[in-house]
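Chemist: How does the following fold in three dimensions:
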Amino acid sequence: MKKLLLLLFTSLSFYAQSDSLSIQKPKLSVVGNDGMKVLYRGISNPISIAVNNALSYKISGDGVSQDLDGKYAIRPKSGNETKVLLEIQTTDSTTVVEEHVFRVKPLPLVSLLVNKKGCINGDCTIEIQKKELLNAEITVKLVDFLFDYNITVKGFRLYLTNSNGDTLASFDIQGNKIPQDIYNEIITNEKTSLIIIHKIAFDSDLNLSISKTPIIKIKTI
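Modeler: Numbering: from 1, shown residues only. Sure thing, here's the model as predicted:
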């Protein structure tokens with residue numbers, strides 16, 4: 001009898017523990033940015049949303065917006081993470097609320113390049129042969145940026161300085177290359193010590209602005 005009672009109590013205990021277990025169901029929705037849970041502060045980050053077994057859904061969260069084409073984006077304002085909530089009306093007429101958490105990063109450092117040579121967010125001096133300056137291409141790069149982007153340089157300022165730092169000549173150039181006439185000015189001005197490029201104008205599909213345009217200084221060799 002004692003053995004039977006012990007067996008009975010053991011069985012009841014086992015089933016009681018099984019009833020208390022919680023099974024986490026897989027989410028109905030996926031919210032992502034190129035498969036990564038990362039957003040950049042200060043720009044509109046496009047996101048994609050996929051929901052299974054849903055009649056409809058609503059999305060909400062800090063900085064969430066929808067354009068005229070129905071595409072969603074998130075523009076985080078502060079903090080190291082942000083949350084997106086999806087309220088889903090399922091096909092069996094139940095309401096499910098799911099939370100998606102994104103890590104928020106600051107915008108990366110900006111690098112200004114001349115023929116793919118340059119520096120990161122600040123003043124630097126690079127050495128370039130004079131002949132390389134003809135049609136030299138000026139580009140802007142976001143360092144270690146995780147997503148695809150396009151930044152097209154539309155214009156820049158170039159000026160020549162002597163060894164004392166005095167300005168010898170200044171040119172506002174349209175486009176992203178040093179043209180023939182400016183190149184001629186550079187190679188004929190014997191007092192030129194440094195060529196300085198700054199005040200970049202550009203177009204970007206990221207809808208961003210650079211508060212402080214980096215400066216690049218060129219020493220010809």
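
Chemist: how is this structure carved up into domains?
Modeler: For the chain, automatic domain parsing gives the domain ranges 27-105, 110-220.

Chemist: got CSV for these, with mean pLDDT and mean neighbour count too?
Modeler: For glycine as for every other residue, the C-beta is placed from the backbone atoms N, C-alpha and C. Below are those laid out as CSV (pLDDT from 0 to 100; neighbours: other Cβ atoms under 10 Å):
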stretch, mean pLDDT, mean neighbour count
domain 27-105, 86, 14
domain 110-220, 89, 15
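
Chemist: surely residue 45 meets residue 72?
Modeler: No: contact criterion Cβ atoms under 8 Å: residue 45 and residue 72 do not qualify, at 9.6 Å.

Chemist: tell me the secondary structure for residue 186?
Modeler: Using DSSP: H, G, I helix; E, B strand; the rest coil, the structure places residue 186 in helix.

Chemist: Can you give me the distance of it to residue 134?
Modeler: Residue 186 is 9 Å from residue 134, where distance means Cβ to Cβ, to the nearest Å.

Chemist: do the same with residue 190
Modeler: Distance from residue 190 to residue 134, by Cβ to Cβ: 18 Å.

Chemist: Would you mind naming the residues that bridge with the closest residue to residue 192 other than its chain neighbours?
Modeler: Closest residue to residue 192 apart from its sequence neighbours, by Cβ to Cβ, 6 or more residues apart in numbering: residue 160 at 4.5 Å. For residue 160, the beta-bridge partners under DSSP bridges are residue 169, residue 195.

Chemist: now residue 66
Modeler: Beta-bridge partners recorded for residue 66 (DSSP bridges): residue 72.

Chemist: Assess the claim that it and residue 72 are in contact.
Modeler: Yes: counting by Cβ under 8 Å, residue 66 touches residue 72, with 5.3 Å between them.
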